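S.K.: After the sequence you'll find the predicted model.
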Amino acid sequence: MASALSGAGRSYRHDSLAATPDKCTLGRVEVKEVCHEYLSPTDKTPVAALGPVSLQVSAGEFLCLLGPSGCGKSTLLMIIAGLFNPTAGTVVVDGVAVTGPSRERGVVFQDYALLPWKTVRSNVALGPRLAGASRREANQVADEFLELVGMPQAGDRYPHELSGGMRQRAAVARTLAAKPKVLLMDEPFAAVDAQTRGVLQEELIGIWARTAQTVVFVTHSVEEAALLADRVVVMSTGPGRVQEEFPVTLPHEDRFSRESATRVAEVAASLLASVRTAQPRRPRRGGSWSG
Ligand code: ADP
């Protein structure tokens, strides 16, 4: 069932959360020969952090970017989000080049990024409000997404009144409520305790199964990648590049069961072996990179 919410000359279309086959035709991401340089904090010379990187993410796919700290995972995610312009190369989503941030690409950060002076409901309602929904309509959508992330009673509370796990659920709900075609997640569960992380990972897969959005998920945890991904892209450092890709064929609905623990651990072990070889390449004499 769908309802069109409109206001202020713009419109916000609210569809039922149940996945429909056509949803999987949206959210195809193409990263083409992307490179990024930062200026060195000491002498302001350009330092290559990423690339060239080329990869494709299919509509509805759950892709994990995995690699050691500093290999450029977050940089690549921010470039896909349109929050950074790459030094070279392009990102194309559904045939359209990314030139800046868009509601079609929602980002979930590690540190929640909730507005502390707004209630949880108002935080989640932000996307629909910006898209033109009335306050009442946006609150209705917010309540639906809060229910989806398992906190239907939390709408009137403020972020500081929530645990870390609940804050991250609220942040996920806020990003989902803006109806992005592509969900970009930067180590979203790294700051919560291990037990809560397990619950949130399983909930995320449940939500993804219903919304069928494309997900690009950054992690440095091989276990997390093995639990979540359709495909894992292992990145190497110095500057960050695609080292290897691993399709993960275990059915998602089985991965959290005790019976599947051994098979998930086998996938994690293969990923670990790849990550271990993704070490920084040492500069040759004269400054060029070897390897
Ligand atoms: P990852 O997410 O894999 O840990 P990042 O994308 O955060 O890696 O960083 C990639 C490289 O770029 C690292 O060497 C990091 O030190 C460098 N870097 C990241 N942000 C900046 C910045 N704002 N200025 C300078 N260097 C940066």
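M.R.: That came through fine.
S.K.: Run through the strands of the stretch 1-150 of the chain in chain order.
M.R.: Using DSSP state E, counting those that start in this stretch, the strands of the stretch 1-150 of the chain run over residues 2-7, 10-15, 29-39, 46-57, 62-66, 88-93, 96-97, 105-108.
S.K.: which stretch among those comes nearest Pro239?
M.R.: strand 46-57 (4.0 Å; Cβ to Cβ). Heads up, the C-betas are built off the backbone N, CA and C, glycines and all.
S.K.: buried stuff in that closest one?
M.R.: Applying a neighbour-count criterion of 16 or more other Cβ atoms under 10 Å, one finds Ala48, Ala49, Leu50, Gly51, Pro52, Val53, Leu55, Val57 buried in strand 46-57.
S.K.: That one vs the ligand: in contact?
M.R.: Yes. Strand 46-57 is in contact with the ligand by Cβ under 6 Å from any ligand atom, via Ala49.
S.K.: Near the ligand, which residues of the protein are found?
M.R.: Residues of the chain lying near the ligand (Cβ under 6 Å from any ligand atom): Tyr38, Pro41, Ala49, Gly67, Ser69, Gly70, Cys71, Gly72, Lys73, Ser74, Thr75.
S.K.: Surely the first one and Thr45 touch.
M.R.: Same thing as Tyr38. No. Judged on Cβ atoms under 8 Å, Tyr38 makes no contact with Thr45 at a distance of 10.0 Å.
S.K.: And these two? Which one has more around it.
M.R.: Regarding Tyr38 and Thr45, a neighbour count based on other Cβ atoms under 10 Å identifies Tyr38 as having more, with 13 against 8.
S.K.: For the more buried one, which residues are in contact?
M.R.: Pro46, Val47, Ala49 (Cβ atoms under 8 Å, 6 or more residues apart in numbering).
S.K.: one step back: mean pLDDT added to the strands of the stretch 1-150 of the chain, as TSV?
M.R.: Listed next are the strands of the stretch 1-150 of the chain as TSV, based on pLDDT from 0 to 100:
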stretch	mean pLDDT
strand 2-7	37
strand 10-15	49
strand 29-39	96
strand 46-57	94
strand 62-66	97
strand 88-93	97
strand 96-97	96
strand 105-108	91
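S.K.: Redo those as a markdown table? Include distance to Ala261.
M.R.: Converted to a markdown table, those look like this (distance: least, Cβ to Cβ, whole Å):
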| stretch | distance to Ala261 |
| --- | --- |
| strand 2-7 | 40 |
| strand 10-15 | 36 |
| strand 29-39 | 31 |
| strand 46-57 | 28 |
| strand 62-66 | 19 |
| strand 88-93 | 36 |
| strand 96-97 | 42 |
| strand 105-108 | 27 |
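S.K.: now, of the ones you listed, which is deepest in the fold?
M.R.: The highest average neighbour count among the strands of the stretch 1-150 of the chain, using mean count of other Cβ atoms under 10 Å, belongs to strand 62-66 at a mean of 27.
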